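*Asks:* Would you be able to build a 3D model of this:
(one chain, ligands or ions: 1)
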Amino acid sequence: MPADPTRVVADLLELRSLTSAEVDGGIPQTVGGEPSSAPPLGSARLAWTEPWVQAREWFASTFDGVPVETHVDPAGNLWTTLVGARPERIVLGSHLDSVPNGGWLDGCLGVLAGAEVLRGLHRDGVELPVSISVVDWADEEGARFGRSLFGSGAVSGTLDVEAVRGLVDNAGELLGDVVARHGVELDTILTAGDVLPSIVASAELHIEQGPMLEAAGLRLAALHGILGVERRMVRVKGQACHAGATPIPMRRDPTVAASRMALAVRDLGLEHDAFTTVGVWRVHPSVPTAVNGRTEFSVDMRHLSRDTLDALVAGLDELVARIAREENVEATVDVLWSIDPIEFHPDLVQFAADVVEERSGVRHVMPSGPMHDSAEMSRAGVPTVMMFTPSLGGLSHTHIEDTATADLELAVTAFDDLVRRMIGWAADRLAAEAAT
Ligand SMILES: [Zn+2]
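*Replies:* Sure, this is the predicted structure:
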């Protein structure tokens, strides 16, 4: 029997009950639609903590009776491999870690669906021309130390070891000390990338974490890429002064200037059909009786086109300079983060779109706004693709994150179809390589 979608939902619920903590005093909450789960529990699988280790131990037990090879790589990623005729592998990866009080599906759906696809291939006695590895990427969320895509970034080589060495969590613990307790040594972590030449392709099933599919009445989507990100910190400096003594026309108010900039940032996003977000917002000295002396805010800008990202960057620089001039304040724009848009492999996108159409009746292909481990696979040159299942209310990174059971099951079935198509494709590709 191919992948059994009811088994995946049962596994997800079991993992949830094993690794959840009560939140909001246990008041039940749902987000509309047909909730597939009841308990008001938040996931507590913060990376490098006991519940996360427990989740992994439980995960290993779901392969009882299946002849898999299991190992943890130098970056803490957990690999479970069904060995085929060749050592080259298809990776089915996502993450078991969660944000504090997180949901039961973010990441876990991809890992547990991958596991069931693997078990299904074994049950069916499929003669695998290539190996299949289910990977639980370590610390995808970066919720504890602020570095997302930790394990997959180590494999792709984008992890800046010196930059993460000094990161501390809220308890003041050093990242290096914490990961060492889990067998990860920063000095050798990048050797996790030695596996790269063996990866022929990569696929990830994930929840959408946004409202688009639900709003469009769609139950499944293939992804053709991930939006690029340009993140900036805008620092505006004016002159602090007494709120009762300085008339408005005589002020140099950085908060007023920053507020105008924030509105212009929204217009910039609308104009370019992009996501633009002011997230961090800090004012100094932040007292009721003073005009502030400084205001700073972050701007996160996302789009699938590099050209549009460049236009957004230029647009931000222009609006900040213009409004600063008009408000008689000084402003600087500093780069926080920059990542190019990611385009998934066209053959694999086609397969994903085909199975989405066959299983849901609608051929829907979209990009992801949020980052995923698949971005690191793709950046490392691995042919990669993803699929999305809807998120009820568009919510994620909250304990009320949910997806209708029927949609979860549909997604698992479609993901199984996708992987089975990728196996033949990967074998052909390796044969073609060998022939040249
Ligand atoms: Zn995730």
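*Asks:* Who are the contact partners of the spatially most central residue of the chain?
*Replies:* With distances taken as Cα atoms, centre = their mean, H372 lies nearest the centre of the chain, 3.2 Å away. Contact analysis of H372 by Cβ atoms under 8 Å, 6 or more residues apart in numbering lists S94, E140, E204, H206, I226, M386. Where C-beta positions appear, they are placed from N, C-alpha and C, glycine not excepted.
*Asks:* same deal with M366?
*Replies:* With contact set as Cβ under 8 Å, 6+ apart, M366 has these partners: M212, A221, A222, L223, H224, F388.
*Asks:* three-state assignment of it?
*Replies:* Using DSSP: H, G, I helix; E, B strand; the rest coil, the structure places M366 in strand.
*Asks:* Wait, a helix at R219?
*Replies:* No. Secondary structure of R219 (three-state DSSP): coil, not part of a helix.
*Asks:* For the ion, see how far away it is.
*Replies:* Distance of R219 to the ion, computed by Cβ to the ion, to the nearest Å: 19 Å.
*Asks:* Next, the contact list for that residue, please.
*Replies:* L213, S360, V362, T389, P390, A406, D407, L410.
*Asks:* Quick one: neighbours of the fifth one, just the number.
*Replies:* Burial of P390 is recorded as 28 neighbouring residues (other Cβ atoms under 10 Å).
*Asks:* tell me which element the closest residue to it other than its chain neighbours falls in.
*Replies:* Leaving aside its chain neighbours, P390 sits nearest to L213 (3.9 Å; criterion: Cβ to Cβ, 6 or more residues apart in numbering). Assigned by DSSP states H and E, L213 belongs to helix 212-216.
*Asks:* Buried ones in that helix, by neighbour count?
*Replies:* M212, L213, E214 (16 or more other Cβ atoms under 10 Å).
*Asks:* list the contacts for the single nearest residue of the stretch 201-350 of the chain relative to the ion?
*Replies:* Using Cβ to the ion, H206 is the residue of the stretch 201-350 of the chain that sits closest to the ion, at 5.8 Å. Going by Cβ under 8 Å, 6+ apart, H206 touches S94, D106, G107, L109, G110, S368, H372, M386, M387, F388, T389.
*Asks:* Looking at those, which are in strands?
*Replies:* Of these, the ones assigned to strands by DSSP state E are S94, S368, M386, M387, F388, T389.
*Asks:* Now the buried members of those.
*Replies:* S94, S368, M386, M387, F388, T389.
*Asks:* from those, which single one is nearest the ion?
*Replies:* S94 (6.5 Å).
*Asks:* Just to check, the closest one is in contact with L149?
*Replies:* No. The criterion here is Cβ atoms under 8 Å, and S94 misses it with L149 at 11.6 Å.
*Asks:* any common contacting residues for these two?
*Replies:* W137, E140, D373.
*Asks:* out of those residues, who's near the ion?
*Replies:* Contacts with the ion within these, as defined by Cβ under 5 Å from the ion: none are present.
*Asks:* Give the buried subset of these as a PyMOL selection command.
*Replies:* Buried residues among the shared contacts of S94 and L149 (16+ other Cβ under 10 Å), as a PyMOL selection:
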select buried, resi 137+140+373
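*Asks:* Just the shared contacts of S94 and L149: which are in helices?
*Replies:* D373 (DSSP state H).
*Asks:* Buried residues, the lengthiest helix in the chain. List them.
*Replies:* If you go by DSSP H, the chain has its longest helix at helix 405-435. For helix 405-435, the neighbour count (16+ other Cβ under 10 Å) marks 405, 407-423, 425-427, 429 as buried.
*Asks:* Among the residues you listed, which ones lie close to the ion?
*Replies:* Okay, of the buried residues of helix 405-435, nothing touches the ion (Cβ under 5 Å from the ion).
*Asks:* hey, where'd the strands end up in the stretch 1-150 of the chain?
*Replies:* With DSSP state E, counting those that start in this stretch as the criterion, the stretch 1-150 of the chain has strands at 20-22, 41-43, 69-72, 78-82, 89-94, 131-136.
*Asks:* So for the third one, mean pLDDT?
*Replies:* By that I understand strand 69-72. Strand 69-72 carries an average pLDDT of 98.
*Asks:* Against which helices or strands is it packed?
*Replies:* Under the contact criterion of 3 or more Cβ pairs under 8 Å, 6 or more residues apart in numbering; DSSP states H and E, strand 69-72 touches strand 78-82.
*Asks:* Direction included, what does the strand it packs on pair against?
*Replies:* Using DSSP bridges, the strands paired with strand 78-82 are strand 69-72 (antiparallel), strand 131-136 (antiparallel).
*Asks:* Output the ones you listed in a markdown table; the columns should cover distance to F59 and mean neighbour count.
*Replies:* A markdown table is the format used below for these (distance: least, Cβ to Cβ, whole Å; neighbours: other Cβ atoms under 10 Å):
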| stretch | distance to F59 | mean neighbour count |
| --- | --- | --- |
| strand 69-72 | 10 | 13 |
| strand 131-136 | 7 | 27 |
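*Asks:* nearest to P254, of those strands?
*Replies:* strand 131-136 (45.3 Å; Cβ to Cβ).
*Asks:* can you list the residues of the chain near the ion?
*Replies:* So the chain meets the ion at D106, G107 (Cβ under 5 Å from the ion).
*Asks:* how about stretch 250-261: buried residues?
*Replies:* By neighbour count with 16+ other Cβ under 10 Å, stretch 250-261 contains the buried residues R251, R252, D253, P254, T255, V256, A257, A258, S259, R260, M261.
*Asks:* Help me confirm that the last one comes into contact with A321.
*Replies:* Pointing back at M261 there. No. With contact defined as Cβ under 8 Å, M261 does not count as touching A321 (10.1 Å).
*Asks:* what touches both of these two?
*Replies:* A331.
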